[in-house]
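Participant: The following comprises the amino acid sequence and a computationally predicted model.
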Amino acid sequence: MNRSRPSEDAEAFGAAPHERPVPRITIHAFCEFPDSGAALQRAGSDRRFAKAHLTVQLGGIAAAVEFFRSQVTPNLLMVETRLSGREALEELDRLAEVCDPATKVVVIGRSNDVELYRELMRRGASEYLVAPLEPLHVIEVVAALYADPESRPLGRVVAFVGARGGTGASTLCHNAGWCIAEEQRIGTTIIDFDLPFGTVALDYNDEPGQTIADALMSPERLDDVLLERVLVKRGEHLSLFAAPAEIEREYEIAPEAYEFVVDAVRHASPSVLIDVPHHWAPWVKATLIAADDIVVVATPDLASLRNAKNIVEHLRHARPNDAAPKLVINQVGQPKRPEIPVKDFAETIGIEPSLVLAYEPMMFGQAANNGQMLAEMAQKSAVVEGIRSLAAQLTGRKIVVAEAPANHLLSLLKGRKRA
C-alpha cells in the first residue's frame, strides 16, 4: 500500500517534557512563602513524582543552612529566597558551605532578574525558578535535571480501558495503534495486558512465540535485546506485545512487574498503547494513573454510565494535574436497544466525548474474522475516519490518510486510450 508522506517530526514523537517521570531521588525544599510550599506539595503528590521522596518545610535558606550543618544534603535541594541581587548571592554562599558537591540546587525567587540567574548558574546552581510556582513546571524542571541527554526520547503512554466488558476498548486500541504507526509513521508498540483473554495477536492474525507473560514473570531480564526478540513486528513502525491468551495457566505476577514492563517499552518505542483488561486490581489502577493519557470506552447504557463515571472521578482525584480522560461512546444506534442519549451521557460524566461511533457489527465482525484492521478494509468509512481522528488527538498530529492502492486494470485501460 502506498502511504502519504509522514510529518517531518513524526520520528521525534514522545512524552512531553512535563510528562517525564522524576527518578528515585530525595528532595528537600525550604520555602519562604506558604504558596510556594503548597505548589511543591501539589507537585510532590503528582503521579510523576511517585518514585521521588519530597520533604517541604518553611524557613528558606537560613533554615536549610541550620538543618544541614548536621545532616547530609539530599540529591536535590530546593531553596526559596525573598532577597535579590547581592544579598541573595551572599545567602547562597552560606548554603554552599554546608552543601555536598553532588547535591543539585534549585533556587526559587520572586525577582525575574536575568543577571541574578546568570550569576547563580555561574556559581553552580542547577536552575532558578520565579514564583509563583506551577506544579507541572516544577515537575518538568526536576525531571530535566536528571534526564540523560544521550538516551532516546521517552515514549508517550496511552491506556485504553472499557467501562464494562464488551465496549470495544481493545478493538479501538488496536485500530488506533495501527493508524498511529501506519499512517502517522510513528514507532508504536501495543501492549496487551489481558493475559488469559487478550486479542491483539488474534486481531492482527499473528501467533507470537513469546508473550508478555514471559516478560512479566522475569521483568528484570527485559533489556533491549530481549525486548527486540519478544515483540511481534508488523511492518516498519508497529510492534505487538501480545498476551498468551491461555486460561490453563495461572498468573501470579507482582504489581511492580507491570510498571517495569511499561517503563522498558516506553524507553524503546515513541508511542505506547496499553490494552487494559476490564478487571479492577491494584496494578490496573496503577497502570491507568501512571499513563500520560487515558481513553475510557463506554456504550450508551446504564452500567457503562455508572462505571465510566466512577473511573473518571477516581482518575480525576488521583491525577489532579492532568487533563481528564478521553471518553469514547461506542456502538451507538444498536437496533431494538434502549439507549442513554449521548448528550445526557456526557453531561452526567462531565466530559464531552472525543469520539462517538455508530453500531457497525458487520464491519467490526468482518475485520475481526479476517485478522485485519478496519482501515485496511474500509479506508473512507465513518468509523475509520472517527478512529483516525482519535489517533490524531492522542498524538497531537494532523490526520494522515493512507492512499488507496491504484486500480491496475483501470490504469492500464487509460494508458491504452491515451496511446
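Facilitator: Happy to help now that I have it.
Participant: Hmm, residue 92 is touching residue 119, no?
Facilitator: No: judged on CB atoms under 8 Å, residue 92 makes no contact with residue 119 at a distance of 9.4 Å. C-beta here means a position set from N, CA and C on the backbone, and glycine is covered the same way.
Participant: What ranges does the stretch 1-150 of the chain have for its strands?
Facilitator: With DSSP state E, counting those that start in this stretch as the criterion, the stretch 1-150 of the chain has strands at 26-31, 53-58, 76-80, 104-109, 127-130.
Participant: List the contacts of residue 372.
Facilitator: residue 205 (CB atoms under 8 Å, 6 or more residues apart in numbering).
Participant: Let me know the secondary structure of it.
Facilitator: Using DSSP: H, G, I helix; E, B strand; the rest coil, the structure places residue 372 in coil.
Participant: Name the residues that touch the biggest helix by length in the chain?
Facilitator: If you go by DSSP state H, the chain has its longest helix at helix 302-318. Under the criterion CB under 8 Å, 6+ apart, residues 47, 161, 163-164, 167, 285, 288-289, 294, 296, 298, 324-325, 327, 340, 345, 348-351 lie in contact with helix 302-318.
Participant: hmm, try it at 7 Å
Facilitator: 161, 163-164, 167, 288-289, 294, 296, 298, 324-325, 327, 340, 345, 348-349, 351 (CB atoms under 7 Å, 6 or more residues apart in numbering).
Participant: Low-confidence regions, the stretch 251-400 of the chain specifically.
Facilitator: Scanning the stretch 251-400 of the chain for pLDDT under 70 picks out no residues.
Participant: All the strands of it, in order from the start?
Facilitator: So, for the stretch 251-400 of the chain - with DSSP E, counting those that start in this stretch - the strands run 271-275, 293-298, 326-332, 355-358.
Participant: which of the ones you listed sits most buried?
Facilitator: Comparing the strands of the stretch 251-400 of the chain by mean neighbour count (mean count of other CB atoms under 10 Å), strand 271-275 ranks first with a mean of 28.
Participant: okay, stretch 59-78 in CSV with CA atoms only?
Facilitator: Taking C-alpha atoms only, stretch 59-78 is exported to CSV below (Å, rounded to 0.1, in the frame of the first residue of the first chain):
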residue,chain,number,x,y,z
GLY,A,59,12.3,28.8,56.7
GLY,A,60,14.0,29.5,53.5
ILE,A,61,17.8,29.3,53.0
ALA,A,62,18.5,30.2,56.7
ALA,A,63,16.6,27.1,57.8
ALA,A,64,18.4,25.0,55.2
VAL,A,65,21.8,26.2,56.4
GLU,A,66,21.0,25.4,60.0
PHE,A,67,19.4,22.0,59.2
PHE,A,68,22.3,20.7,57.0
ARG,A,69,25.1,21.7,59.5
SER,A,70,24.5,18.2,61.0
GLN,A,71,22.7,16.4,58.1
VAL,A,72,23.8,15.0,54.7
THR,A,73,22.3,17.0,51.9
PRO,A,74,19.8,15.2,49.6
ASN,A,75,20.0,14.5,45.8
LEU,A,76,18.1,17.8,45.2
LEU,A,77,17.8,20.8,47.4
MET,A,78,15.2,23.5,46.6
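Participant: Quick check: chain neighbours aside, which residue is closest to residue 341?
Facilitator: Distances taken as CB to CB, 6 or more residues apart in numbering place residue 300 nearest to residue 341, at 7.5 Å, with adjacent residues excluded.
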